[in-house]
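**Q** After the sequence you'll find the predicted model.
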Amino acid sequence: MVNVTDADVVSPVNAAPLRIGVLGAARISTASVIKASQLTGDRLVAVAARDPKRAAEYAAANGFERSEPSYEALLAADDIDVIYNPLPNGLHAEWTIKALRAGKNVLSEKPFSSNLAEGEILATVAEETGGKLWEAFHNRHHPVMGRMLEIAASGEVGDVTHVHVRMDMPYPGDDDPRSSFALAGGGLMDVGCYAVHAAVEFGALLGGAPRITAATAEVSTFDELIDTRLVASAVYPNGRTASLHSSMSDNDVRFELSFTGTRGKAYAPGFVLPHLDDRVIVTVDGVERVEHLGTRTSYAYQLDAVRRNLRDGEPFAVPVSTSLTIMGLIDDAYRAAGLPVRPARVLE
């Protein structure tokens, strides 16, 4: 049995702190960098927003060393080495490319582009500039996700036959960027990308990335191009299957990952937010056990992973090649459901 306590995890002290600049005053930044940096010791150097007054207030309220008057000024600052990009989906690639061309490394919120074609342009710019590009699938760096993959690889539950991921959340509202097709919104883009990412991670054990075989969608009454629910089926090269469920029209939040094997199953009821539920529940030959993997936030693990990659060259668990695979599958799921891929702002 594996049980991890927060006391077992300490951020490395032999690497220089990250010097972080943040684009925008998005809510997600509170968890992803503001609170996380308090655990890791990384510096919140500056933030910029569309409204300079808003940026100044946000900086003062959240422990930033200063604010900058514009996004461009933030990217030009010479005391920042990592830009965090939590802007709406449709702006991820545009501003990540601007940051890379300004000589910065970028931690981009997921999905890192609006579609695969835009993602390929983004990857090319990262290669040309030599900047580091990380997509923020923070949960991949937490022991819960690592343990699920470890159990699958160990053969403890037998040969894996099916992977199931369910990502449900309430509707964010018609005026939310996630409800805007022009800004690359939709349930699959917002929470469903976690399901696609998890399925891709299991591909290392199942012969390669899965292929979307079918998908159905329900759409918003506000915008028929926005999926409020999308369910996709996929198959791996070895014939094993996956089911991917995403919704932003539910009453409750459910972020679940499970897989079934020939001898049992494993289930992580909080795999995306393991600080709220760190359980991995394993059943083998009818006998169940519960492992606790620690409630330290996955966002802190992510900053540690970014620092180790930037300072020491340690491999990052979600390379750009994986990000491109994810975007291709998202595009395929939309097409299979009869919906268009999300529009790109960056065309070259």
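**A** Cool, got the structure.
**Q** for the protein, which helix is longest?
**A** The helix that spans the most residues within the chain, counting by DSSP state H, is helix 320-336.
**Q** buried set for that one?
**A** Going by neighbour count (16 or more other Cβ atoms under 10 Å), the buried part of helix 320-336 is 320, 322-334, 336. Yep, even glycine has a C-beta here, placed from its N, CA and C like the rest.
**Q** and for it, what are the contacting residues?
**A** With contact meaning Cβ atoms under 8 Å, 6 or more residues apart in numbering, helix 320-336 is reached by 111-113, 115-116, 119-120, 123, 126, 133, 135, 186, 188-189, 192-193, 196-197, 199-200, 209-215, 227, 230, 232, 234, 244, 340-342.
**Q** Tell me the pLDDT of the residue most central in space within the chain.
**A** By Cα atoms, centre = their mean, the chain has its centre lying nearest to Phe137, at 2.5 Å. Per-residue confidence (pLDDT) for Phe137: 98.
**Q** quick one: contacts for it?
**A** By Cβ under 8 Å, 6+ apart, Phe137 lies in contact with 110, 194, 197, 318.
**Q** The second one contacts Arg254, doesn't it?
**A** This points to Tyr194. No. Judged on Cβ atoms under 8 Å, Tyr194 makes no contact with Arg254 at a distance of 11.8 Å.
**Q** least trustworthy helix or strand in the chain by mean pLDDT?
**A** Ranked by mean pLDDT, DSSP states H and E, the weakest helix or strand in the chain is helix 28-29, scoring a mean of 95.
**Q** Distance from the chain centre to it, please.
**A** Computed by Cα atoms, centre = their mean, to the nearest Å, the chain-centroid distance of helix 28-29 equals 12 Å.
**Q** Name the residues that touch the next helix or strand after that helix?
**A** Once helix 28-29 ends, the next helix or strand along the chain (criterion: DSSP states H and E) is helix 36-40. For helix 36-40, contacts defined as Cβ under 8 Å, 6+ apart pick out 11, 17-18, 20, 42-44, 63, 296-297, 299-300, 302-304, 307.
**Q** picking that back up, shared neighbours, Tyr194 and Arg254?
**A** Counting by Cβ under 8 Å, 6+ apart, the shared contacts of Tyr194 and Arg254 are Met167.
**Q** When these two are compared, which one has more neighbours?
**A** A count of neighbours by other Cβ atoms under 10 Å puts Tyr194 above the other of Tyr194 and Arg254, at 24 against 16.
**Q** Would you map the helices across the chain?
**A** For the chain, applying DSSP H gives helices covering 28-29, 36-40, 52-62, 71-76, 89-101, 116-129, 143-154, 187, 193-202, 298-307, 320-336.
**Q** And those: which comes nearest Asp250?
**A** Among those, the nearest to Asp250 by Cβ to Cβ is helix 187 (9.6 Å).
**Q** who does the closest one touch, helix- and strand-wise?
**A** With contacts taken as 3 or more Cβ pairs under 8 Å, 6 or more residues apart in numbering; DSSP states H and E, helix 187 sits against strand 227-235.
**Q** Make sure Ala199 is actually in contact with Ala234.
**A** Yes. Using Cβ under 8 Å, Ala199 is in contact with Ala234, at 6.1 Å.
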